[in-house]
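>>> coords please:
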Amino acid sequence: MKGVSGPVTAAPNTREAVRRLRAARGISVRELAARVGVSPATISAIENGKTGISVQRLHQIAIALAVPAASLVEDPVAATQLRSATPSSVPLVTGNWREFAPLPIGPVLAGAIKAFVATGYHGASMRSIAQFANMSVPGVYHHYPSKQDLLVKILDITMMDLLWRLQHARDDGNNPIERIALVVEALALFHTRRSDLSFIGTSEMRSLEPHHYRRIGRLRDEVQHLLDTEIAAAITAGDLAVNYRRDAGKAIATMCTALVQWFQPDGLTTPEQIAKEYAQFALRLLGYNAMRQPQSRDLAPAAPVGAAGSRDVILLRQKVVARAMVQRRLSCSRGPADRQVRGCSWLPLAKRVQPAATAGPR
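As a prediction, this is how the structure comes out:
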């Protein structure tokens with residue numbers, strides 16, 4: 001992300017917050033510098049208050065540390081009151097952003113993910129979570145004192161895993177157009193490969209307590225800011241023709257998060273194909289004309305398909321979507337109360353897995 005705004009003096013709260021959060025995550029000065037794209041001396045100067053920090057650099061550091069940018073500038077006492085839970089205990093896994101290895105989560109957290117996806121946060125109980133985890137109820141309480149703690153941990157893992165992937169995807173681009181395409185590809189790929197986490201992140205934010213909601217909401221804002229920054233850079237470079245860039249950025253992010261509502265892993269297209277398609281959709285929505293621009297890597301138009309083949313693909317996709325809609329309507333025909341518990345309007349039928357034993361009273 002080039003072309004940052006003018007630097008301002010790093011406030012004591014900011015330099016102390018950078019140092020504190022970096023140390024809490026076990027990240028060295030050199031590693032943080034590599035993630036942000038600056039020299040280790042620059043990070044040391046920021047932490048020691050010897051150099052200014054721009055708003056853009058502040059957002060880069062926040063994304064590298066997987067925290068809201070506001071947490072680097074707000075009063076430490078107020079921050080402690082605002083965020084009683086911190087994601088510092090969540091391991092930050094990095095590597096190839098296109099690869100999705102299983103996350104290092106324990107059986108209780110895995111059971112909670114299954115329970116929240118199957119019945120929703122309010123429909124799940126600690127007993128049903130224990131059944132999904134193949135553990136006793138006291139065993140679940142030994143690790144997590146409440147459902148809220150489980151939900152917060154799941155959403156922390158979700159946001160940290162998403163943020164580092166978006167940052168690495170962005171850093172692979174050589175210009176704003178490539179960076180937009182790669183960020184959208186990473187966003188779409190995450191919502192197809194990590195569909196359970198994405199579903200919970202999309203549907204259960206409203207179940208968070210207010211202080212958790214504000215903190216995790218700021219992490220979600222960082223995702224939008226990362227995309228919006230590259231869109232603004234592309235407009236400045238004269239590569240895009242869009243009148244309402246913020247609306248376009250929200251539309252692009254929303255179409256990616258909506259993938260959890262309809263994408264099926266066993267469908268006609270793979271997550272990788274969908275992600276590439278969505279990157280092209282985003283550029284077209286932003287008014288990018290690939291035919292009038294020099295070809296960038298990963299942005300070449302798809303090879304043309306014969307007319308008959310193209311019609312067959314369209315018809316097959318229409319049939320799949322129609323069948324999914326019918327299944328969803330049938331599963332939601334039990335009435336408003338059941339729909340609220342089961343989340344029928346969001347959850348594909350294939351995702352509704354029930355525990356081995358019927359959940360008893362809470």
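>>> Tell me the spacing between residue 138 and residue 115.
For residue 138, the distance to residue 115 equals 17 Å [C-beta to C-beta, to the nearest Å]. (C-beta placed from N, C-alpha, C; glycine too.)
>>> quick one, which of these two is more surrounded?
Neighbours per residue (other C-beta atoms under 10 Å) separate residue 138 from residue 115, with residue 115 holding more: 28 against 9.
>>> and the gap between the more buried one and residue 269?
From residue 115 over to residue 269 (counting by C-beta to C-beta), the distance is 29 Å.
>>> What of residue 260?
From residue 260 over to residue 269 (counting by C-beta to C-beta), the distance is 15 Å.
>>> can you check residue 32 too?
38 Å.
>>> Same drill for these two, tell me which one is more crowded.
Per other C-beta under 10 Å, whichever of residue 32 and residue 269 has more neighbours is residue 32, with 23 against 16.
>>> got the contact list for that one?
22, 43, 61, 64-65 (C-beta atoms under 8 Å, 6 or more residues apart in numbering).
>>> Likewise for residue 173?
179-183, 230.
>>> Need those in a markdown table (columns: distance to residue 134).
Formatted as a markdown table, those follow (distance: C-beta to C-beta, whole Å):
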| residue | distance to residue 134 |
| --- | --- |
| 179 | 44 |
| 180 | 44 |
| 181 | 43 |
| 182 | 40 |
| 183 | 38 |
| 230 | 44 |
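>>> Just give me the closest of those to residue 57.
residue 230 (15.7 Å; C-beta to C-beta).
>>> Show me where this structure has its strands.
Along the chain, counting by DSSP state E, strands occupy 8-9, 52-53.
>>> Show me which residues of stretch 253-261 are buried.
253, 255-257, 259-261 (16 or more other C-beta atoms under 10 Å).
>>> Just the ones of these in helices?
253, 255-257 (DSSP state H).
>>> ok, back up a step: from the buried residues of stretch 253-261, pick the one nearest residue 191.
residue 259 (4.3 Å).
>>> Look up the closest residue to the closest one, ignoring the ones flanking it.
residue 191 (4.3 Å; C-beta to C-beta, 6 or more residues apart in numbering).
>>> residues touching the nearest residue to residue 21 once chain neighbours are set aside, list them.
Once flanking residues are discounted, residue 21 sits nearest to residue 65: 4.9 Å by C-beta to C-beta, 6+ apart. For residue 65, the contacting residues are 18, 21-22, 25, 27, 32, by C-beta under 8 Å, 6+ apart.
>>> which pair in these spans the largest distance?
Between all members of those, the farthest pair (by C-beta to C-beta) comes out as 18 and 25, at 11.2 Å.
>>> higher neighbour count, these two?
residue 18 (23 against 20).
>>> Would you agree that one is in contact with residue 69?
No: the criterion here is C-beta atoms under 8 Å, and residue 18 misses it with residue 69 at 11.3 Å.
>>> show me where the stretch 151-300 of the chain has helices.
Counting by DSSP state H, counting those that start in this stretch, the stretch 151-300 of the chain has these helices, from start to end: 176-193, 195-203, 210-236, 245-257, 271-285.
>>> okay but residue 64 is in contact with residue 35, surely?
Yes: counting by C-beta under 8 Å, residue 64 touches residue 35, with 3.9 Å between them.
>>> Find residues that contact each of these two.
residue 167.
>>> From what I see, residue 152 and residue 207 are in contact.
No: contact criterion C-beta under 8 Å: residue 152 and residue 207 do not qualify, at 10.1 Å.
>>> Could you check which of these two has the larger neighbour count?
Between residue 152 and residue 207, counted using other C-beta under 10 Å, the more crowded position is residue 152 (23 against 17).
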